[in-house]
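Chemist: This is a predicted model, with the sequence first.
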Amino acid sequence: MHEMLGRIVYSKSGRDKGKMFVIIGIVDENFVLLADGDLRKIENPKLKSIKHLQMTNMIAEDILTMINKGVLPDNHIIKKILRNTQETRERAGRRSDNGER
């Protein structure tokens with residue numbers, strides 16, 4: 001269960017469908033708390049059902065370290081990590097589309 005903390009996920013349903021978040025808290029076996037540092041700030045995380053999330057194998061290590069120390073990461077840190085992750089994924093997608101490796 002705690003292995004989900006810090007994981008980067010995508011919303012599969014709702015108004016935020018397709019949006020990238022990081023899991024900053026676990027409520028129970030069905031619900032987690034999400035933040036993106038922008039619309040869903042760390043002070044007001046989004047409660048979301050796990051079944052409405054697409055998990056990735058990416059972990060925001062810096063955020064996970066802070067959470068494990070009992071420190072809430074700043075919104076600009078969350079935003080920066082998610083932006084960098086998105087840009088990396090887009091670059092990787094363009095390389096595979098062009099047949100480059």
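Modeler: Cool, the structure landed. Numbering: from 1, shown residues only.
Chemist: Could I get the full set of strands for this structure?
Modeler: Per DSSP state E, the chain carries strands over the ranges 7-11, 20-26, 31-35, 46-49, 53-59.
Chemist: which outside residues touch the fourth one?
Modeler: The set of residues external to strand 46-49 that reach it, using C-beta atoms under 8 Å, 6 or more residues apart in numbering, is Ser11, Gly14, Asp16, Phe21, Val27, Asn30, Phe31, Val32, Leu33, Leu34, Ala35, Arg40. Using the backbone N, CA and C atoms, a C-beta is placed for each residue, glycine as well.
Chemist: how far away is the residue nearest to the second one when sequence neighbours are not counted from Ile24?
Modeler: Read it as Gly14. Closest residue to Gly14 in three dimensions, ignoring its sequence neighbours and counting by C-beta to C-beta, 6 or more residues apart in numbering: His52, at 6.7 Å. Remark: distance between His52 and Ile24 (C-beta to C-beta, to the nearest Å) = 16 Å.
Chemist: Neighbour count for these two, which is higher?
Modeler: Ile24 (24 against 14; other C-beta atoms under 10 Å).
Chemist: Tell me the buried residues in the biggest helix by length in the chain?
Modeler: With residue count as the measure and DSSP state H as the assignment, the chain has helix 75-97 as its longest helix. Of the residues in helix 75-97, those buried by neighbour count under the rule 16 or more other C-beta atoms under 10 Å are Asn75, Ile77, Ile78, Ile81, Leu82, Thr85.
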